[in-house]
Each structure stands twice: as C-alpha cells, then as structure tokens.
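Asks: would you be able to build a 3D model of this:
(4 chains)
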Protein chains: 2
Amino acid sequence: MATMSDPERPDSSHRATMKQVATLAGVGLKTVSRVINDEPYVSQEITGRVRAAAEQLDYLPNPHAGVLRSKAKRHLTIGLLVGSVDNPFVGALHRVIEEAAHEHDAAVFASSLDDDPHRERGIVQAFLRRRLDGLILTTVTPNQSYLVPEQRHGTQFVFVDRPPTGVEADAIISDNAEGAAAAARHLIAHGHRRLAYLGDRHEIKTAALRREGFLGEVSREGILAADTPVVEGLHDEESSYRAVLEIMRRPEPPTALFTAQNLVTIGAIRALRDLGVQRSTALVSFDDIPLSGLLDPAITVIAQHPDRIGALAAKRMFDRIAGDDSPAREFVVPTTLIVRGSGEIPPHD
Amino acid sequence: MATMSDPERPDSSHRATMKQVATLAGVGLKTVSRVINDEPYVSQEITGRVRAAAEQLDYLPNPHAGVLRSKAKRHLTIGLLVGSVDNPFVGALHRVIEEAAHEHDAAVFASSLDDDPHRERGIVQAFLRRRLDGLILTTVTPNQSYLVPEQRHGTQFVFVDRPPTGVEADAIISDNAEGAAAAARHLIAHGHRRLAYLGDRHEIKTAALRREGFLGEVSREGILAADTPVVEGLHDEESSYRAVLEIMRRPEPPTALFTAQNLVTIGAIRALRDLGVQRSTALVSFDDIPLSGLLDPAITVIAQHPDRIGALAAKRMFDRIAGDDSPAREFVVPTTLIVRGSGEIPPHD
DNA sequence: CTGAAAGCGCTAACAG
DNA sequence: CTGTTAGCGCTTTCAG
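Replies: Predicted structure coming up:
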C-alpha cells in the first residue's frame, strides 16, 4: 500500500541517536559523546567527521537520557511561580530572571497562580514532577511546609516578594515597612494630619508590614489613630474604588491617601476623579503603576525594584544550585520614593 | 571523618526509585508502575500498599526515564517565545496559554527575545535542545526557515502576532489592515482630512499591513498622500516623541494622529502634551495601553485581543500535538475600536 | 586518544 | 490481576 511506509526504512520523523551518528562517522559511540560534550582528547580529524555526521542527521542530544545517567542530575531548569503574569512588577521580575538563567544556560518554566491559594499546591506539584533544579516563588498560601520534603531531596527554593512560612529558604523582599513609613513621612512633611491607609488583606505578611510601617510613622508624629482611617482587605480596583468613595464622604475626610498596592491605587485614582477631588487630595502609592507619569496629577509612588529583586533571587538560586549551603537568609531591597505630583498636594481647608 | 558521609548508607538526598517502592511494598516493579500510572487491573489491597510505600519514600516518578522509554515521546512541555515579557499584550497572551497548558497537564517554558533578532536563533535552539513538544512564538527575524528541519522531526510551531516566513505553520494574528482602516475611517468620520501615520519599521509585516490598511482608507476618501505624513521606523517612546514634535511644527500640521503601536502611542501622548495640543489633536492608537482610560483625554484605541489570540494559539498547538496534520493556516482575529475620547476630538481651524 | 560494557529509572511486550 | 525481561539514549567505568 502506498500509504504504508516501508518498515525497513528509518522513520524520518525520528530523531537521530548518538549511535547513528557514530555509525555514520565510522567511530565509536563514546567518541561521539566526547565530541558533543566538548571533552578533550579527541583528534581534530575525528572531531570534524563526527560534527559533520551530526549536522547531516540534524542530531540533537537527548537531554533525558543524559540526565538519567549522569552523576550530577542537573537539568538546568528552574521554575518561576508568580502571583499573576499580567502585572508590570512580575513582568520585570520574569525578565531579569530569564536573563540570569540564560547566562547559566538554564531555562525557566513560568506559571501564574492568579493569586489563588488553591492552585498553588497543584502548580508546585506539577513543577516538581518535572524535577526542576529549583523554584523561585511568590506564595499565596499561608504556609509552605509542604515543600520541606522536596527541599530535603535537593530542590532549591527562593521566595520572592513574600517571606516563607514553615520552611527555611532564602527570601528577597522589598523593604515594605520602611517604604510605607517613607510615604507617611512624605505626606506629613507636606502638612497632612488626616491620612488614610488603604491596603490588601492583613493576612498577607507584606501587607501587614506596610500597614505597620505607615501607622507607626503616623503615631510617631502624634497623629491619633482615630484620625487615621484604615481600610484593609482590598484586593482589586473595584473594592478600592468603593472604599475611597465611602471614606471621602465622611464628615471629616482625609486630606491624603496612602494606597498600599497597585490595583488599590488605580481604584483610588478613579474614585478621586469621580469625586472631582483628584487635584486637592494627596496620594502616594506603594508600587509603581504603568504610565503613572502621564496621569494628571502624576502619581507619587514608593517604587519597588523588581529588577534588583529578580537579579538577587536568580543569584541566590544559581549559587544554591552550585552548592552554596549557607543558612537561609532574608534579603531586603530598599524602595525609592518617586516624586511626581500627587503626593505633594497640600491639605485643603 | 565526621564530614564524610557513610558510603554504605543510602543518601537521603537521593530520590526513591520505583524499584525501592516495589521492594518496600513487597510487589514487583511493574505493579508499582501500574499504580503510579493509574492503569487498571491492580487489586485494591496492593494499590493501597504501593501508595503507602510511595508516600513514605516521597516517591516522585522520574519523568526523564519515562520519556526515554515510552512510545509517544511526549513531554507535555511547550515553549513560548515572545518579543518582550514586560508588555501588557504579552502578559495576557502568556496567561491564557498557561491556562490552556495547565488543562492539558503541560508546562510552559517562557522566554523573551527583547526584540533582538540576534537572540532569536539562540533561544530557539536552547528550547529545542530540551525537546519540547512545540513552540509558540513571535518572531523578530525576517526568515524562520531554520525551523524546517525541526519541524520534520516532529516539533510543532505556532506563530503568534506575526506570520512566519520560510516555514509553513499555523499563525494567529490580529486583523491589522482592517484595524488600521477602522482607525482611519473613525478619524475621517470625525471630520479630519489631515491625518498622520506613525509606525514601526516597515520590514515588520504587521507594521506594513497597518500602514497599508490606514493609507488605503485615507486615499479611498480622496485625501492626497501629500497631505498625509507617514513616519516609519519608530521603535520606542523617544523616537516617536521626536517624530511627533517635528510633524506638529510643520506649516500645516495634521489634525489627527494614528499611532500604529504601543510605545509609539506613549511617545506621541508625551509630545502632544508638551506642545499643549493634547486636547485639540485627535489620536487613535493601535493596541490598547494600560490605564489609557485614566488619561486626559482618555485614549481611543484599536484594541487587539491577546486572550483570544492566545487561546487560539494554544488550541492549535495542542491539536497539532494530538495529531492534527491539516495544512497550516493563518487565523485572523478581529480588532475592536474602543472609543474613549482622544479619537473624537474634532479638527480645529 | 578511542571504544566496549554496564546501567540510570522507567515502560513495552510478553508471560504467567 | 501480577511479574519478568528487554531496552530507550545516554554517561560512566574501565580497558585498550
């Protein structure tokens, strides 16, 4: 039959093996292995013959066979698990980790949790099943002790943005408390005495740190807690929008807002605009937002440095993979106040 | 020596093998294989014993061994190669592809080209060395015929955002010409006769399609080419900013701008503001930009649908992997005009 | 400098 | 329902 391929003919859709390359080059299997892996002690002539044969057959070494047999079971593969892929912070993080991985000849599996704690375990498992060398992750679950057995089996973990609980591993985080404190100082220096804090769920450690940093500074200035509305549990634009509307309609509304997160900031901006008070209410945001410089007023922010965080995370990861077994550490990356306008609006009377 | 581990003791950092699980459970190797792979015909009791043993040893199957031996050499792994990871379009794309992969139990390697053609070959090679089932990619090189041998060896390719050259493969792209034509129609319907086109390098096929779509519509309306400044080769904010400044300072400046790309739009917005004409010059952007609704004026855009593009790309990929060998096709995803304000500004006189 | 033999951890193909 | 045997494509080991 015409549709049936000749069983004697090698299937062209199959990859060439090292053995086939060896046969074509007229050398032994191990010699091909030496050439492919750039091991020394192979004559120029044979090296040339082997390379030619490999090229002719489109030979690519099978990495699975290699990993299976070799002593150092390195896969040159790491995983990156982040809250959500469509977020500028995460984009920048991904980018630098990519870059560092590339320098180490490693590849990066990336996946998003969409901030869903229920997905975390499953996705981590899916990654581990692939036997990665390590995992860089932003956790959304309250406890990561389920990683302990994996860690004992040699998989490296580096936490980013949020510190781990229940497992000892390196963590790279922004200086949340100090960044939030700087925001408070900035607003107070511009004359504000009625400040509001709008933040994410209190259970998220970083959110708690921002809150403490902010409120600590406020009380240090002698401002009463009663004069400082605190709204937490805001996780998206919509909830933030509504919270700001509500706060600004109170009898003595705040003259300045501190929004402790990306999406909260955006919701707040919308609300201030709809109320027509965006030019008379000060606003400082934790975490930069895209195009914030083009807004009117431009948004003053406490910027994080995802590039530095990512670079550090990648460095720790590859150091660990290379054998660094020093005690786990937390690395704190400073934040930067970027003055753009919204944070310098004076209090109205 | 205390620092030297006993060579007789099994290294706890090593993974348990199927054989060890079999021994512990007191069954044969193949029985463990059956339980792990949920094959039928294993008694309840033995299944239980095997599962318990596996758990006790933190057993995880070694996927490399599996791939090596099994007939269908599927790795359940695909690659995603995009222009740049920190770009909202790409973020959304990544997200839906992720999601689809997850449903197929597949993992996604993601990498960014940073729009650098020189990196493309290298990164593609790095991916192929890992023997992925397929690659979804945005190309930046003019020709991808180097993929042909890989394709013959069974790796699937699906192109996204830009059609391939020199290789036959599915491609999912926005309706660039029609989207740009819609922008022209919209501006003309609002009374404009002096429109400017600001776009990316002409060699990029999608850029050329947008240009043709736009200019075709303009000439159809009887507007002379001489009255329609065309600036191409804009690849970033800065070059776009300068181009707009230059155009708007001409004797008879355009009353409406069409910016054919993300970054070009942002540069144009800055320029219009610096000239103080952002409320008197119409602007329509191809591709949505983040927070464009918060700008003043809010930006009217021809939005692409990265979610639909990504979903289609993933569907084609997994269909191909599953054996679909129908001829390669180009899928065109429509764009949507989103009216927000900047595109409805009438011509001044 | 080169190659033959063993075996990594698993699945396929048979046997029972 | 369960187990045995071979061998995937490579690296390791050891012998030329």
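Asks: how about whatever residue of the stretch 151-300 of chain A ends up closest to DNA strand C: what's its closest non-neighbour residue?
Replies: Residue nearest to DNA strand C within the stretch 151-300 of chain A (CB to the nearest atom of the strand): A:H153, separated by 11.9 Å. Where C-beta positions appear, they are placed from N, C-alpha and C, glycine not excepted. Counting by CB to CB, 6 or more residues apart in numbering or on different chains, B:R15 is the residue found nearest to A:H153 once chain neighbours are left out, at 5.7 Å.
Asks: distance of that neighbour from DNA strand D?
Replies: 16 Å (CB to the nearest atom of the strand, to the nearest Å).
Asks: neighbours of that residue, how many?
Replies: Number of residues near B:R15 (other CB atoms under 10 Å in any protein chain shown) recorded here: 16.
Asks: contacting residues around it?
Replies: Counting by CB atoms under 8 Å, 6 or more residues apart in numbering or on different chains, B:R15 makes contact with A:H153, B:D58, B:Y59, B:L60, B:N62.
Asks: in three-state terms, label it for me.
Replies: coil (DSSP: H, G, I helix; E, B strand; the rest coil).
Asks: backbone dihedrals for it, please?
Replies: Backbone geometry at B:R15, expressed as degrees, to the nearest 10, gives phi -70, psi 150.
Asks: again, but for A:V67
Replies: Summarising the backbone geometry of A:V67 under the convention degrees, to the nearest 10, its torsions are phi -60, psi -40.
Asks: show me what contacts it?
Replies: Residues near A:V67 by CB under 8 Å, 6+ apart: A:K73, A:R74, A:H75, A:R131, B:H64.
Asks: the helix or strand containing A:I247 packs against which elements?
Replies: Element membership of A:I247, judged by DSSP states H and E, is helix A:237-248. Using 3 or more CB pairs under 8 Å, 6 or more residues apart in numbering or on different chains; DSSP states H and E as the contact test, the elements touching helix A:237-248 are strand A:195-198, helix A:262-275.
Asks: and A:L275, what does it touch?
Replies: A:L275 makes contacts with A:L245, A:M248, as judged by CB under 8 Å, 6+ apart.
Asks: what pLDDT does the closest residue to DNA strand D within the stretch 151-300 of chain A get?
Replies: The nearest approach of the stretch 151-300 of chain A to DNA strand D comes at A:G154, 16.4 Å away (CB to the nearest atom of the strand). According to the per-residue confidence, A:G154 scores 87 in pLDDT.
Asks: for A:V230, same thing?
Replies: 97.
Asks: with A:P7 instead?
Replies: Note for A:P7: predicted pLDDT of 33.
Asks: just A:H202 next, same as before
Replies: Model confidence at A:H202, given as pLDDT, is 86.
Asks: now do the buried residues in stretch A:195-206.
Replies: Of the residues in stretch A:195-206, those scored as buried under the neighbour-count criterion (16 or more other CB atoms under 10 Å in any protein chain shown) are A:L195, A:A196, A:Y197, A:L198, A:G199, A:D200, A:I204, A:K205, A:T206.
Asks: gap between the two ends of it?
Replies: Its first and final residues considered, stretch A:195-206 spans 20 Å by CA to CA, to the nearest Å.
Asks: for that stretch, the distance to its chain's centre please.
Replies: From the chain centre to the centre of stretch A:195-206 is a distance of 20 Å (CA atoms, centre = their mean, to the nearest Å).
Asks: same check, this time on stretch A:88-108
Replies: Per CA atoms, centre = their mean, the displacement of stretch A:88-108 from the mean C-alpha position of its chain is 9 Å.
Asks: how many other residues sit next to the residue in the stretch 101-250 of chain A positioned nearest to DNA strand C?
Replies: Residue nearest to DNA strand C within the stretch 101-250 of chain A (CB to the nearest atom of the strand): A:R131, separated by 10.0 Å. Counted with other CB under 10 Å, residues neighbouring A:R131 total 19.
Asks: which residues sit against stretch A:291-298?
Replies: Stretch A:291-298 is touched from outside by A:269, A:278-279, A:285, A:299, A:301, A:340-342, A:345, B:266, B:269-270, B:273, B:289-292, B:294-296, with contacts defined as CB under 8 Å, 6+ apart.
Asks: that stretch - what's its average pLDDT?
Replies: When the per-residue pLDDT values of stretch A:291-298 are averaged, the result is 91.
Asks: in that stretch, which residues are buried?
Replies: Neighbour counts using 16+ other CB under 10 Å place A:L291, A:S292, A:L294, A:L295, A:P297, A:A298 of stretch A:291-298 among the buried residues.
Asks: sounds good, over and out.
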